[in-house]
Each structure stands twice: as C-alpha cells, then as structure tokens.
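Engineer: Provide a 3D model corresponding to the input given below.
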Amino acid sequence: MRCDINLQVDMIYLIGAFVRHRLICTFSHIVATLATMSEISVTEARTKLADVVDDARVSHTPVYLTRRGKRIAAVVDADDLDQLLRDAEDAADIAAAAQARDGLAGGDVSIPWDEVKADLGV
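Structural biologist: Numbers count the residues shown, from 1 in each chain. As a prediction, this is how the structure comes out:
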C-alpha cells in the first residue's frame, strides 16, 4: 500500500479537529479559573508553602507568587501543567498540519511516503 504525505496530512488534520475541540474545552476551563486565581507574595509563600501547594493542587487553580506587587512565578498542579503542555504540543501539530495543507493547496509538491522513509533510513 502506498502512503504519501497527503494522506499523512489528512490524518493529522482529522486528529486536529478532535484535539481542537478538546483544546477549546480545556482553555474554557482555564479562562473560568483565571477569575478565581490567587496571588501571594514570595515572603508569605515561604511561610505557607504547604498551603500554597495544596491550594494549587486541590483547586486546580494557579497560585501566583509576587514580588513588589509583580507576578514572578506560579505554583500549579503538576497534572494540570502536563495537560497544558500536551495541549500546547497538539496545537503546534495542528498549526503545522494546516501550514502543510496550505502549502499543498498553494502548489507545493508532495513527497511520496516511500521516499521519505528511504531518506530517513526506515
């Protein structure tokens, strides 16, 4: 079976539609929690570190650390951060697939999958 780059891009595009829906839901959740986020000075956070970590972990809301009234860092739940990083990677993949599709629509020549594998030594 011959599989060229167009098929790969189409598969990425379909997966991207699903991921895009998931990203919208995730970002909606993030936006909703931004209204309830908390801020605490670094000095105060030092004395309440366990409480700050528990607050971020249990509420799934970032706790921003401030110095002289400016945000300088945030404490976030590790699982939430992992999910956010996965979502960002998915968004980058979606953008790359869209760029590839635009290139093909603009007349870029696709490379047969067999040739790509041969170039990579696979």
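Engineer: which residues of the chain fall in helices?
Structural biologist: Secondary structure of the chain by DSSP state H: the helices cover 5-34, 42-47, 49-59, 78-105, 113-120.
Engineer: Select from those helices the stretch with the lowest mean pLDDT.
Structural biologist: For these, mean pLDDT drops lowest on helix 5-34, to a mean of 57.
Engineer: now do the same end-to-end measure for stretch 109-122.
Structural biologist: 22 Å (CA to CA, to the nearest Å).
Engineer: buried set for that stretch?
Structural biologist: Across stretch 109-122, burial judged by 16 or more other CB atoms under 10 Å covers S110, W113. In short, each C-beta sits where N, CA and C put it, glycine included.
Engineer: And stretch 91-102, by the same measure?
Structural biologist: For stretch 91-102, by 16+ other CB under 10 Å, it's I94, A97, A100, R101.
Engineer: ok, now stretch 74-83?
Structural biologist: V75, V76, D77, D80.
Engineer: Relative to E89, which of the residues you listed is nearest.
Structural biologist: D80 (15.1 Å; CB to CB).
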